[in-house]
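S.K.: Below: sequence and its predicted model.
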Amino acid sequence: MNIKLHQIILIFFLIVSNLLPCALTAQEVYDNNTRTRILFILDCSQSMAGRWEEDKKIDIARRFLSRTVDSLSTFDNVEMALRVYGHQSVVPPQDCNDTRLEVPFGADNAYRIKRKMLSLSPKGTTPIANSLAASINDFSKCDECRNVIILITDGIEACDGDPCAVAVELQKQGIILKPFIIGIGLAPEYQETFRCLGNVYNANTEERFEEVLDIVITHAVTETSLQVNLIDGFGFPSETDVPMSFYNLKTGKLKYNFVHTMNQRGMPDTLKIDPLLDYRIIVHTTPPVSLDNLQLAPGKHNIVAIDAPQGILRINQERGNQYKDLKFIVRERGKIQTLCRQKVNDNKKYITGKYDVEIPTIPVTVINDVEIKPGELTTVTLPQPGVITVLVDNPGICELFLDKNGELEWIYTLDTSEESIPLVLLPGSYCLIYRARYAKGTHYTIEKKFRIESGKSSSLRIF
């Protein structure tokens with residue numbers, strides 16, 4: 001395929017990927033066993049009694065939050081709870097412990113949440129960090145739950161706590177997903193202080209507050225689509241059929257496993273995954289490649305590209321099948337660690353680059369700097385070995401050497417517990433040095449020299 005044709009295919013792929021993301025086949029990740037638990041943390045500090053637009057901030061917040069709670073009550077497997085701060089103690093003095101879970105999680109508790117909000121009266125301070133820390137006890141242990149916090153506030157931390165540190169720790173422990181922060185008329189300089197907490201949305205108007213609340217809820221209870229393009233050595237998303245592991249970037253825990261698949265349109269299949277996590281992706285090519293920080297745009301079709309150019313390595317035997325069950329070792333160039341054990345005459349894909357190959361023939365065959373090129377088959381051919389059967393009358397010490405023009409190089413120890421020892425050897429000159437185990441003199445040493453030729457069989461008796 002020439003370069004111009006490659007370019008045409010790439011242009012067509014990009015057009016279809018952007019125009020038809022919803023038409024791609026997808027595998028659902030969520031199932032009916034997954035519960036989403038949403039904890040609303042509502043600011044009821046003194047400043048929430050102030051006017052905003054046509055009404056008080058607290059009245060606008062509870063009016064739209066009531067509608068949201070009603071809407072969420074229609075979702076299967078969604079539970080809600082309400083924590084409030086700044087509503088118990090009047091300032092001054094400042095009470096930084098003024099936070100309380102007013103409505104715990106439970107089925108069909110929308111009415112209780114709405115009723116509680118009607119009785120709230122803004123009084124106190126803004127202990128955001130303490131409220132987040134206290135939420136640890138609001139979520140009971142549940143392995144099949146997604147825990148989401150939605151913080152609604154008009155101000156920043158007023159106590160000595162560090163909301164960012166608390167939020168990060170909660171995510172690291174896997175207690176909550178990335179929080180949502182909805183600001184009610186926050187000053188621009190205050191918005192940045194919440195960036196470290198999670199997803200920040202600032203409502204500048206009453207109408208915008210309703211829109212933001214709808215956006216946040218949509219993100220919290222729906223999935224997001226992701227397309228992973230594995231890029232070949234020519235810049236095209238053609239690599240596929242490899243496992244991929246998605247790890248929660250905050251906790252390091254494994255979240256999903258997939259086998260990368262091309263769908264019926266010949267394009268990378270679409271995944272449905274939780275948008276409230278940041279991920280590290282490991283693509284299990286040989287060696288693996290990774291994407292260390294994936295942040296999804298919720299509610300959108302996300303496309304991410306990972307370079308994974310591969311070529312194929314094959315070790316052949318010139319003739320015959322003496323090596324049909326032999327496995328050789330592949331290492332990254334210059335490294336000691338074994339990367340893969342591959343069977344002779346099998347094809348295996350590797351990331352493009354140079355590798356060192358060790359084949360346990362007798363003697364061992366070592367080939368350094370074997371180059372794997374993108375989209376190509378790299379073949380290494382072994383010469384056909386010969387076979388010699390060593391016949392031993394008495395057990396003893398028997399070592400095999402390669403004879404390199406009179407210079408002996410040890411290569412193998414024979415097990416003389418058997419009388420007949422078949423050896424598959426590469427062509428060359430060899431020397432056997434033997435002494436019966438119970439012989440009591442050095443002069444009983446026996447030396448046998450022989451030559452191996454490709455495809456030929458012979459025998460050698462030692463007595």
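M.R.: Received, thanks.

S.K.: quick one, phi/psi of N130?
M.R.: With angles defined as degrees, to the nearest 10, N130 sits at phi -60, psi -30.

S.K.: I figured it hits R100, correct?
M.R.: No - between N130 and R100 there is no contact under Cβ atoms under 8 Å: 10.8 Å. (C-beta placed from N, C-alpha, C; glycine too.)

S.K.: need the helix or strand of the protein with the lowest average pLDDT.
M.R.: strand 26-27 (a mean of 32; mean pLDDT, DSSP states H and E).

S.K.: okay, now the domains of the chain?
M.R.: With domains defined by automatic domain parsing, the chain comprises 35-221, 223-307, 310-382, 386-462.

S.K.: list the contacts for I372?
M.R.: Q310, G311, I312, L313, Y350, I351, T352, G353, K354, Y355, T378 (Cβ atoms under 8 Å, 6 or more residues apart in numbering).

S.K.: out of the residues you listed, which are inside strands?
M.R.: Q310, G311, I312, L313, Y350, I351, G353, K354, Y355, T378 (DSSP state E).

S.K.: what comes up buried for stretch 386-395?
M.R.: Neighbour-count burial for stretch 386-395, counted by 16 or more other Cβ atoms under 10 Å, picks out G386, V387, I388, V390, V392.

S.K.: now swap in stretch 265-274 and tell me
M.R.: Neighbour-count burial for stretch 265-274 [16+ other Cβ under 10 Å]: M267, P268, D269, T270, L271, I273, D274.

S.K.: And for stretch 215-232?
M.R.: 215-217, 219-221, 223-232.

S.K.: sorry, back to before: just put the buried residues of stretch 265-274 in TSV and tack on distance to E409, pLDDT and secondary structure.
M.R.: Output for the buried residues of stretch 265-274, formatted as TSV (distance: Cβ to Cβ, whole Å; pLDDT from 0 to 100; DSSP: H, G, I helix; E, B strand; the rest coil):
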residue	distance to E409	pLDDT	secondary structure
M267	55	95	coil
P268	51	96	strand
D269	53	96	coil
T270	58	94	strand
L271	54	94	strand
I273	56	90	strand
D274	59	89	coil
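
S.K.: Check the gap between the spatially closest residue to A439 that is not a sequence neighbour and T445 for me.
M.R.: For A439, ignoring the flanking residues on the chain, the nearest one in space by Cβ to Cβ, 6 or more residues apart in numbering is G396 at 7.3 Å. Using Cβ to Cβ, to the nearest Å, one gets 10 Å for the distance from G396 to T445.

S.K.: Same check on E318?
M.R.: 36 Å.

S.K.: Might you report the residue contacts of I175?
M.R.: Contacts of I175 (Cβ under 8 Å, 6+ apart): S135, I136, F139, N147.

S.K.: In contact with the residue nearest to D278 when sequence neighbours are not counted, which residues?
M.R.: Nearest residue to D278, sequence neighbours excluded (Cβ to Cβ, 6+ apart): L249, at 4.0 Å. Neighbouring residues of L249 by Cβ under 8 Å, 6+ apart: L277, D278, Y279, R280, N293, L294.

S.K.: Show the pLDDT at L249.
M.R.: L249 carries a pLDDT score of 92 in this model.

S.K.: For it, grab phi and psi.
M.R.: phi -60, psi -30.

S.K.: Output stretch 415-434 as PDB, nothing but the C-alphas.
M.R.: Extracted C-alpha coordinates of stretch 415-434, given in PDB (Å, rounded to 0.1, in the frame of the first residue of the first chain):
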ATOM      1  CA  ASP A 415      23.200 -37.300  32.400                       C
ATOM      2  CA  THR A 416      24.800 -40.800  32.300                       C
ATOM      3  CA  SER A 417      22.200 -42.500  34.500                       C
ATOM      4  CA  GLU A 418      20.700 -43.700  31.200                       C
ATOM      5  CA  GLU A 419      22.600 -46.000  28.900                       C
ATOM      6  CA  SER A 420      21.300 -44.200  25.800                       C
ATOM      7  CA  ILE A 421      21.500 -40.400  25.600                       C
ATOM      8  CA  PRO A 422      20.100 -38.700  22.400                       C
ATOM      9  CA  LEU A 423      21.500 -35.200  21.700                       C
ATOM     10  CA  VAL A 424      20.300 -32.700  19.100                       C
ATOM     11  CA  LEU A 425      23.300 -30.600  18.200                       C
ATOM     12  CA  LEU A 426      24.000 -27.800  15.800                       C
ATOM     13  CA  PRO A 427      26.500 -28.600  13.000                       C
ATOM     14  CA  GLY A 428      30.100 -28.400  14.200                       C
ATOM     15  CA  SER A 429      33.000 -30.200  15.800                       C
ATOM     16  CA  TYR A 430      32.600 -31.600  19.400                       C
ATOM     17  CA  CYS A 431      34.500 -33.300  22.100                       C
ATOM     18  CA  LEU A 432      33.300 -35.600  24.900                       C
ATOM     19  CA  ILE A 433      35.400 -36.000  28.000                       C
ATOM     20  CA  TYR A 434      34.300 -38.900  30.200                       C
END
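
S.K.: quick one: buried residues of it?
M.R.: T416, I421, L423, L425, L426, G428, Y430, C431, L432, Y434.

S.K.: Just the closest of these to K343, please.
M.R.: The nearest member of the buried residues of stretch 415-434 to K343, counting by Cβ to Cβ, is L426 at 18.5 Å.

S.K.: first to last residue in stretch 255-266, what's the distance?
M.R.: Stretch 255-266 has an end-to-end distance of 27 Å (Cα to Cα, to the nearest Å).
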